[in-house]
Structures are given as C-alpha cells and as structure tokens.
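S.K.: Could you work out the structure for the sequence below:
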Amino acid sequence: MGTAEGIEYASISPWEWGCCGEVPVPGARIDGILTAQPVSAPDRFVVSQPFSWVRELELLRFADYSAHWNPADGDPTAQPIGLSVSWHDDAAATYPSVTGSVIQTYEITYGADVPGAPRDTTPKTYRRVDVVERYMDMDREPYGLLVGFVPDSCTEPTTAEIANYQAKIERASRAISLNGPATAFGDVVPARGDVLRIDLADPRVGLSRNRFGVAGVVSGVIEQVGMFIPDASGLWSIVASVPAGTPADTLDRELFVTLVVDRAPLSR
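M.R.: Numbering: from 1, shown residues only. As a prediction, the model looks like this:
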C-alpha cells in the first residue's frame, strides 16, 4: 500500500458518509481519524511502507502521517495490517487525525462465502468507482469503500491526552448505576461529587450496571443524581434533576444514582 505518487489507501464504513460528511469520491476531502488494524484475509491493499511503532502514543508513524494502533492487537511489525478512516469515533482526541484529497475510490464486496468461515476471512473484491450513493444498495452486500488519498496534514495526540483518556476509561469501568427510594441514599438527596457509602445488598437498592463487579458495602464518588419521572403514556421515564439537600422522605419517586466506586471497595 502506498505509491510513488504518495497515495495511501484506507477503508471507510458505509455509515460514515451515510450519516454525514462528504461522500468519499475522487475530488472529495478526507478529514478524520486514521486507525491501523490487523488484516486477516489476503488483501492487495495491506500496508507495505515502513513505519515506526510509538508504543507510548499508541500509534504507527509513517513518513507523512500516523495511525492509531490498539496495543491489544499485538505487534504490528509481525502481521499484515490495513488502514481505516472514521470521523465519528468518540476517542478521536487520542487518535491521529489526517486530512487529504481523495484520488481513487473502490467499492468493497466479499468474495464467495466459505462454509463455516467468518465473513472477514473471505476474499474481498474491489471495483473502482467514480460515483457513490449517499446510501449504498445493501442488496449487493457492499462492505464499504476503500479510498486512495493523498494526505496533506496529520495531527498526533500528546502523551497527556492519551493518559487523560485512559484515566477516563478506567474511571468509567468503576461506575455503577443504582436506583431506589431516596431514603436508601441518606436523609437528604446527595449532590454530584459527594462521597456515598452504601450497601448493595440493601433490598431497596437496584443495580443496573456493574462492570467493576462489586458487591456488599461500597464507597465512591457520586457522578450523577436524578429522579425518575414517567412520561404521560407511562411507557418510559426520563431522569430529571432534583435539588441536592431535598429531604429524602418528601420524595415519592425513585432516585437514579451513578457512583464511581473506589478502587479498593470496602467489601465484595
């Protein structure tokens, strides 16, 4: 992948331009984040140009651009890899961003199905196109597009940005969602930022998210406090704000509380 003309190739999923942004045809502009990932099936558009693996920034650095590399995918120097472009990823602040002009566009479809084989291990077919619909004809089972583009700018994340993002992910992994009568959370409605100590075995307390896997008595910092208010139809509820300090025994509706549990829970 990569030519003497400086053309680089990256895949784009149909929902990217189906949602918003320019349809990536020749002459269009690319402005998004660039990611490198393993390629499991034989592919003519694998990365072939040299790069350096910058582990602390979680990226691969090429001559004219950089691409994010997920450490969980192993050693990028020991396997075939490809590139993809997105302009919707929530982690964009920690991924390299790239701009450039589209020179070539290929529609990607899968080859003949192999019984029992995952779809992404079957051969791909590339058909060069100059016109792409905003919403692709899914009856032909297109996989997306591959664009050849010439990058003209690239911005890399800083070590601090990556560290902050990783801290945010780690903090989110310790968040649990609780619901129950206001009196289960104290004499008054707590505020965001308050420290809460609560027994998850309390039958009044419901637990709807617990990726951290805690149990028993836990302590943590409150991230969100709200009150369930049903809509007129009674089919669903919204979480409305409720003033901190409101006497708990004056509320007749359940509270919804997001709690970021301490790293060392009091008990499990």
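S.K.: for the residue nearest to Ser13 when sequence neighbours are not counted, helix, strand, or coil?
M.R.: Excluding the flanking residues, the one nearest Ser13 by CB to CB, 6 or more residues apart in numbering is Gly144, at 4.8 Å. Quick note: C-beta positions are derived from backbone N, CA and C, even for glycine. Secondary structure state of Gly144, per DSSP: H, G, I helix; E, B strand; the rest coil, is strand.
S.K.: And Gly144, how far from Ala10?
M.R.: From Gly144 over to Ala10 the distance is 10 Å, taken as CB to CB, to the nearest Å.
S.K.: Tell me which of these two has more neighbours.
M.R.: Neighbours per residue, other CB atoms under 10 Å: of Gly144 and Ala10, the larger number sits with Ala10, 28 against 19.
S.K.: who touches Pro151 in this structure?
M.R.: For Pro151, the contacting residues are Gly6, Glu8, Ile30, Asp64, Tyr65, Val98, Thr99, Gly100, by CB atoms under 8 Å, 6 or more residues apart in numbering.
S.K.: Inside helices: which ones of those residues?
M.R.: Using DSSP state H, no member of those sits in helices.
S.K.: Those into CSV, with extra columns for pLDDT?
M.R.: Formatted as CSV, the contacts of Pro151 follow (pLDDT from 0 to 100):
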residue, pLDDT
Gly6, 83
Glu8, 91
Ile30, 90
Asp64, 88
Tyr65, 92
Val98, 92
Thr99, 93
Gly100, 94
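S.K.: Return a PyMOL selection command for the buried portion of those residues.
M.R.: Only the buried entries of the contacts of Pro151 go into this PyMOL selection, using 16 or more other CB atoms under 10 Å:
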select buried, resi 8+30+64+65+98+100
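S.K.: Doesn't Leu83 belong to a strand?
M.R.: Yes. Residue state for Leu83 (three-state DSSP) corresponds to a strand.
S.K.: pLDDT wise, what is the closest residue to it other than its chain neighbours at?
M.R.: Using CB to CB, 6+ apart and skipping residues adjacent in sequence, the residue nearest Leu83 is Ala10, 4.0 Å away. Note for Ala10: predicted pLDDT of 93.
S.K.: For Ala10, list each beta-bridge partner.
M.R.: Val147 (DSSP bridges).
S.K.: Make residue 1 into 656 and carry on from there
M.R.: Yes, from this point I'll number from 656; that puts the last item at Ala665.
S.K.: For it, which residues are in contact?
M.R.: Going by CB under 8 Å, 6+ apart, the list of residues near Ala665 reads Leu689, Gly737, Leu738, Ser739, Val740, Leu801, Val802, Phe804.
S.K.: Could you give the backbone dihedrals for the last one?
M.R.: Listed backbone geometry of Phe804 is phi -140, psi 160, with angles given as degrees, to the nearest 10.
S.K.: if you skip the residues just before and after it, what's nearest to it?
M.R.: The shortest distance from Phe804 to any non-neighbouring residue, by CB to CB, 6+ apart, is to Gly755 (4.3 Å).
S.K.: if I look at the one you found, how far off is Val694?
M.R.: Between Gly755 and Val694 the distance is 21 Å, computed by CB to CB.
S.K.: residues near Tyr790, how many?
M.R.: Neighbour tally, Tyr790, other CB under 10 Å: 10.
S.K.: now swap in Gln704 and tell me
M.R.: When neighbours are counted by other CB under 10 Å, Gln704 registers 11.
S.K.: try Ala827
M.R.: 12.
S.K.: Give the helix, strand or coil label for it.
M.R.: helix.
S.K.: show me what contacts it?
M.R.: By CB under 8 Å, 6+ apart, the contact set of Ala827 is empty.
S.K.: next one: Thr690
M.R.: Here Thr690 is in contact with Ala722, His723, Trp724, Leu738, Ser739, Val740, Ser741, Asp744, Tyr750 (CB under 8 Å, 6+ apart).
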